[in-house]
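1. coordinates only, sequence not included:
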């Protein structure tokens with residue numbers, strides 16, 4: 001007996017639909033309407049206008065968003081899965097943030113702390129080969145009271161192939177109210193040693209043609225005490241010329257790089 005062509009077509013279509021279904025009865029990854037978070041610095045202040053990317057590890061699809069003035073971000077229509085969460089377009093002042101996160105219905109909010117890379121100089125006068133005055137801008141490094149997160153702070157000077165320079169220095173506190181310009185016209189290393197309080201002596205290390213000056217433990221506390229009128233760096237190796245740490249080589253700024261635990 002021949003089947004009615006119309007009936008045969010309906011029967012075949014039914015098999016096709018049933019055959020392509022999920023045998024287990026489960027569905028694919030859920031779409032999350034809203035994934036959000038908040039970005040702060042170590043001192044608790046908000047990180048505004050920071051570009052953030054979620055990259056799906058499996059599909060390689062990326063989703064981007066930007067924090068608002070309060071450090072909050074939202075991104076919509078992510079499927080559940082493992083993502084690489086990263087910041088984009090960060091300046092040289094901050095570390096690039098990268099983390100792997102599991103985005104799912106029970107885990108859709110991601111807060112993280114953004115870390116500064118440099119302590120930069122706020123004021124700098126090179127008096128002579130043995131003496132320099134510096135006030136570091138520790139306030140704008142957004143550390144706050146979270147000193148325990150810092151392993152050490154270091155400064156570098158590179159390119160001294162003839163080994164003519166040194167970072168080794170005695171560090172003195174310049175009293176509040178002292179006029180740096182007038183002091184620079186009259187002071188020398190012996191004057192600073194005689195009239196001001198020495199805080200600490202730091203010796204450089206020499207690694208791969210780079211002079212390295214490291215602040216850690218007590219030295220780190222001295223640096224972050226941020227005296228109201230800054231520091232005097234006095235040459236501790238008078239056979240060489242005192243140089244100060246230079247990290248931002250493009251702008252030739254004096255700076256110290258922060259290394260976190």
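-> Right, received. Where do you want to start? Everything numeric in this text was worked out from a predicted model, so none of it was measured.

2. quick one, longest strand in this structure?
-> strand 118-128 (DSSP state E).

3. contacts for it, please.
-> The contact list for strand 118-128 (CB atoms under 8 Å, 6 or more residues apart in numbering) reads 92-93, 132-138, 140-141, 153, 180-181, 184, 187-188, 223, 230, 244, 247-248, 253-258. Backbone N, C-alpha and C define where each C-beta goes, glycine included.

4. may I have the strands that pair with the helix or strand following it, each with its orientation?
-> Using DSSP states H and E, the helix or strand that follows strand 118-128 towards the C-terminus is strand 131-136. Paired neighbours of strand 131-136 in the sheet (DSSP bridges): strand 118-128 (antiparallel), strand 231-235 (antiparallel).

5. winner for burial among those?
-> Using mean count of other CB atoms under 10 Å, the stretch among those with the largest mean neighbour count is strand 231-235, at a mean of 25.

6. now it: how far from the chain's centre is it?
-> Centre-to-centre, strand 231-235 and its host chain are 27 Å apart (CA atoms, centre = their mean, to the nearest Å).

7. which residues does the following helix or strand past that strand contact?
-> Next along the chain after strand 231-235, taking DSSP H and E as the criterion, comes strand 241-242. Residues outside strand 241-242 that contact it (CB under 8 Å, 6+ apart) are 129, 130, 131, 132, 164, 165, 166, 167, 169, 233, 234, 235.

8. only whichever of those residues are buried, select them in ChimeraX.
-> The command below creates a ChimeraX selection of those among these that count as buried (16 or more other CB atoms under 10 Å):
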select :130,131,132,165,166,167,169,233,234,235
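
9. quick one: which of the contacts of strand 241-242 is nearest residue 75?
-> Nearest to residue 75 among those: residue 167, at 45.0 Å, using CB to CB.

10. where does the stretch 101-250 of the chain have low pLDDT?
-> Along the stretch 101-250 of the chain, segments meeting pLDDT under 70 span 249-250.
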